[in-house]
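Asks: missing the sequence, but the structure's below:
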């Protein structure tokens, strides 16, 4: 019988780099998703006021723009934040 050597499994640096790239890609996709949601909110508010589904247009636009700004800022934070 042969003597079995004890082997130690060490992660390959290439795999670690792929994992980091996937994390960056996921973060980028999430940031872009938040920016798209903010655009859709503003678009929905504009369509709602154009079709005259609500009587208080100023309130709808104000709420939509404030929520869109929140999602936009959060999306840019996610895109620019880098894990060290």
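Replies: Great, that's in hand. What you see is a predicted model, and the numbers here were worked out from it, not measured in a lab.

Asks: And the strand or helix carrying residue 36, what does it pack against?
Replies: Per DSSP states H and E: residue 36 is located in helix 13-51. Where contact means 3 or more C-beta pairs under 8 Å, 6 or more residues apart in numbering; DSSP states H and E, helix 13-51 is packed against helix 57-80. Quick note: C-beta positions are derived from backbone N, CA and C, even for glycine.

Asks: between the helix it packs on and helix 13-51, how many degrees?
Replies: 170 degrees (axes from the mean of the first three to the mean of the last three C-alpha atoms, to 10 degrees).

Asks: packing partners for helix 57-80?
Replies: So helix 57-80, by 3+ C-beta pairs under 8 Å, 6+ apart, packs with helix 13-51.

Asks: Go through the helix it packs on and flag the buried ones.
Replies: 27, 31, 34-35, 38, 41-42, 45, 49 (16 or more other C-beta atoms under 10 Å).

Asks: okay, and for this protein, where does confidence drop off?
Replies: 1-21, 23-24, 82-84 (pLDDT under 70).

Asks: redo that, cut-off 80
Replies: 1-25, 53-54, 82-84 (pLDDT under 80).

Asks: about what we covered before: can you tell me which of the buried residues of helix 13-51 lies closest to residue 70?
Replies: Residue 70 lies nearest to residue 38 out of the buried residues of helix 13-51, by C-beta to C-beta, at 7.9 Å.

Asks: Appreciated, that's everything.
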